[in-house]
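# Structural data only, the sequence is not supplied:
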């Protein structure tokens with residue numbers, strides 16, 4: 001992309017409001033406060049379809065009563081794009097960007113050296129790295145430009161100090177990683193979490209969870225960490241998400257723990273002190289849960305859960321972050337509404353805990369049990385299992401007739417919950433990504449969308465897998481297993497509608513699935529040869545890595561249960577997919593929090609209006625299983641719109657300070673700093 005300076009053309013009449021009289025940066029004058037400029041509606045329709053890829057668009061603003069007149073920077077307007085069947089959406093370019101030997105299944109896309117280009121963080125399942133013999137499980141990869149505008153990723157893991165332990169030795173273990181500006185000094189720091197099996201017969205890696213403080217150049221030192229370290233404990237950490245639950249300007253940390261089907265441990269909230277220390281405030285904010293003793297407590301979601309993913313977002317749009325946990329073992333998922341000091345458990349009443357289909361009789365194991373034990377409780381009338389299901393003995397069944405009919409065992413195996421405004425009605429909807437086994441049947445929740453009704457005490461509507469277009473036939477196999485553990489929501493074709501990526505892994509036949517959202521709100525699968533062509537897809541990171549105006553995708557490769565599966569790659573290699581969609585208009589917004597807000601603006605909301613369409617996005621501090629995190633720059637697809645008429649930012653400070661900007665030229669990235677009068681078009 002050419003330098004923005006080559007496009008900027010400014011002409012202005014001094015406005016009546018003295019505060020807007022001077023532009024310190026020429027490019028910043030290209031956007032003016034909404035109340036000081038109105039679009040010239042007498043000219044041509046800026047959103048009209050064009051025949052070429054880029055046109056010179058007249059974006060002159062009419063003079064208003066305040067005496068202001070300015071011309072927006074002209075970055076060209078495209079004809080608009082939307083994916084249609086037959087179009088190539090992504091191309092695998094792993095070999096071109098230096099990722100051929102990188103292996104891992106847990107990914108982040110974050111700019112950890114603060115140069116404007118999103119970098120890549122990759123982790124594996126196992127213990128720490130041994131650099132001397134090349135035994136690698138953690139990768140910090142700098143996104144570097146090359147001649148001609150291409151990319152390559154430079155391994156800086158060892159030199160960055162990211163995996164140095166408290167003895168100064170290299171190779172510290174890290175499983176769960178999420179990023180935020182912990183100390184508000186203008187660069188991204190990290191939480192580096194460790195899963196430790198509570199079973200004392202299993203090895204202890206010795207390492208504990210840590211806070212890594214960025215020195216400002218992409219190198220790191222260990223912060224104090226405080227309570228998040230879990231010193232002296234064996235905690236099965238599975239998810240983490242940064243947020244600012246009390247909006248004091250310092251990020252806090254929500255951590256979830258998952259231990260398979262064994263006795264769960266409580267999820268925890270830690271309050272940050274702004275210097276790298278964290279204090280456990282779980283009990284004081286009302287998040288305490290109970291041990292598994294009372295069946296009534298278990299069925300009413302009052303107990304600890306096996307939480308395999310952590311997510312935070314503002315689900316009821318009241319300005320306060322809320323907490324979600326994704327629960328494994330068909331247990332209830334968690335949703336706690338926050339108000340800055342306390343949290344209210346609404347998992348069941350909101351519909352987040354599980355779907356409403358509780359017919360255990362559809363489980364083939366239950367059908368077989370009742371065939372073998374016809375006088376079993378409630379077995380009368382249960383249909384016989386199909387002929388293809390092996391019904392030999394009760395001992396071979398995945399069925400506990402006493403417990404598996406209870407409500408707490410009729411949910412899903414949820415690994416990840418993602419927040420996103422899927423229907424552009426300006427509130428956060430949810431997507432729950434689930435493992436489902438063929439023999440369990442529809443009583444086990446599958447991957448599906450939960451639409452928010454927008455109320456202060458929200459209720460979520462599930463249209464259903466078939467109704468939303470997310471059905472998969474698994475090539476007609478009867479013994480299929482959906483391994484949907486990771487996923488992402490993003491607008492890959494810049495048509496204003498968010499699309500859905502599902503990373504399915506760990507079972508034969510699983511792969512990446514890309515679904516395009518159609519104008520009617522339903523989804524259509526992008527044939528995988530035209531989309532993300534990747535088997536056993538586990539782990540995802542989404543960013544505009546090449547900064548060409550569309551979102552690229554990096555995915556990992558799971559190798560669990562690969563015996564006999566010829567589709568498996570030889571390692572957990574990651575693959576880089578470049579976006580092939582062109583001619584879509586876009587706007588990218590980078591936020592910098594000011595006084596009273598965390599510097600990375602985690603929790604800030606951005607609302608835009610363009611081409612008659614409204615959109616909303618919220619800055620995420622990581623989500624889902626093992627810490628998924630996409631770039632913090634907010635990427636908006638604009639369809640055919642060439643100008644964003646209005647931008648409204650709600651900052652995550654104590655007052656939910658709002659700033660309004662507009663109009664703003666499309667097809668560029670802007671920086672909005674809290675408290676400054678207008679966005680900046682930085683040179684690119």
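The structure has been received and is ready for your questions. Because the structure is a prediction, the values reported are computed rather than measured. Numbers count the residues shown, from 1 in each chain.
# Can you classify residue 206 by secondary structure?
coil (DSSP: H, G, I helix; E, B strand; the rest coil).
# ugh, typo on my part, it should be residue 95
Residue 95 is classified as helix under three-state DSSP.
# Same check on residue 395?
Quick answer, by three-state DSSP: residue 395 is helix.
# quick one: it and residue 531, what's the gap?
Distance of residue 395 to residue 531, computed by C-beta to C-beta, to the nearest Å: 43 Å. To be clear about C-beta, it is placed using only N, CA and C from the backbone, and glycine gets the same treatment.
# and if you look at residue 606?
Taken as C-beta to C-beta, the span from residue 606 to residue 531 is 27 Å.
# what sits against residue 475?
residue 509 (C-beta atoms under 8 Å, 6 or more residues apart in numbering).
# mind checking how far the longest helix along the chain is from the chain centre?
Counting by DSSP state H, the longest helix found in the chain is helix 364-372. Helix 364-372 sits 39 Å away from the centroid of its parent chain (C-alpha atoms, centre = their mean, to the nearest Å).
# Show me what counts as buried in it.
For helix 364-372, a neighbour-count test (16 or more other C-beta atoms under 10 Å) marks 364, 365, 366, 367, 368, 369, 370, 371 as buried.
# For this protein, just list every one of the helices.
157-160, 295-299, 347-350, 364-372, 465-468.
# And for the closest residue to residue 122 other than its chain neighbours, the neighbour number?
Excluding the flanking residues, the one nearest residue 122 by C-beta to C-beta, 6 or more residues apart in numbering is residue 104, at 3.6 Å. Residues contacting residue 104 under the criterion other C-beta atoms under 10 Å number 23.
# Residue 364 versus the residue located most distally from the centre of the chain, what's the distance?
In the chain, residue 375 marks the outermost C-alpha relative to the chain mean, sitting 47.9 Å out by C-alpha atoms, centre = their mean. Using C-beta to C-beta, one obtains 20 Å as the distance from residue 375 to residue 364.
# go on, residue 272?
48 Å.
# Same question for residue 564.
23 Å.
# How about residue 636?
In terms of C-beta to C-beta, residue 636 sits 45 Å off from residue 364.
# again with residue 500
Residue 500 sits 28 Å away from residue 364, going by C-beta to C-beta.
# cool, and residue 449?
Distance from residue 449 to residue 364, by C-beta to C-beta: 26 Å.
# Neighbours of the residue nearest to residue 600 when sequence neighbours are not counted, how many?
Residue nearest to residue 600 in three dimensions, not counting chain neighbours: residue 181, with 4.1 Å by C-beta to C-beta, 6+ apart. Per other C-beta under 10 Å, the neighbour tally for residue 181 reads 25.
# Got phi/psi on residue 181?
phi -90, psi 90 (degrees, to the nearest 10).
# Now do the same contact list for it.
Applying C-beta under 8 Å, 6+ apart, the residues near residue 181 are 187, 188, 189, 251, 593, 598, 599, 600.
# Could you verify my assumption that the first one touches residue 214?
So the one you mean is residue 187. Yes - assessed by C-beta atoms under 8 Å, residue 187 is found in contact with residue 214 at 4.2 Å.
# okay, and the common contacts of those two?
Common neighbours of residue 187 and residue 214, using C-beta under 8 Å, 6+ apart, are residue 112.
# what about residue 542, distance to residue 419?
Applying C-beta to C-beta to residue 542 and residue 419 gives a distance of 14 Å.
# Residue 448 now?
15 Å.
# so how far is residue 161 from the residue nearest to residue 600?
Remark: distance between residue 181 and residue 161 (C-beta to C-beta) = 18 Å.
# Residue 381: neighbour count?
7.
# Next one: it from residue 368, what distance?
Relative to residue 368, and taking C-beta to C-beta, residue 381 is found at 15 Å.
# next one: residue 136
Look at residue 136 and residue 368: by C-beta to C-beta, they are 45 Å apart.
# same thing with residue 510?
25 Å.
# Quick one: the strands in the stretch 501-650 of the chain, in order.
For the stretch 501-650 of the chain, strands defined by DSSP state E, counting those that start in this stretch occupy the ranges 512-517, 523-525, 537-543, 552-557, 575-579, 585-592, 605-610, 613-618, 623-624, 634-639, 643-644, 646-650.
# In JSON lines: those, plus mean pLDDT and distance to residue 198.
Below are the strands of the stretch 501-650 of the chain laid out as JSON lines (pLDDT from 0 to 100; distance: least, C-beta to C-beta, whole Å):
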{"stretch": "strand 512-517", "mean pLDDT": "98", "distance to residue 198": "33"}
{"stretch": "strand 523-525", "mean pLDDT": "98", "distance to residue 198": "39"}
{"stretch": "strand 537-543", "mean pLDDT": "98", "distance to residue 198": "24"}
{"stretch": "strand 552-557", "mean pLDDT": "98", "distance to residue 198": "26"}
{"stretch": "strand 575-579", "mean pLDDT": "98", "distance to residue 198": "34"}
{"stretch": "strand 585-592", "mean pLDDT": "98", "distance to residue 198": "39"}
{"stretch": "strand 605-610", "mean pLDDT": "98", "distance to residue 198": "38"}
{"stretch": "strand 613-618", "mean pLDDT": "98", "distance to residue 198": "34"}
{"stretch": "strand 623-624", "mean pLDDT": "98", "distance to residue 198": "22"}
{"stretch": "strand 634-639", "mean pLDDT": "98", "distance to residue 198": "39"}
{"stretch": "strand 643-644", "mean pLDDT": "97", "distance to residue 198": "50"}
{"stretch": "strand 646-650", "mean pLDDT": "98", "distance to residue 198": "41"}
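# Nice, that's everything, thank you.
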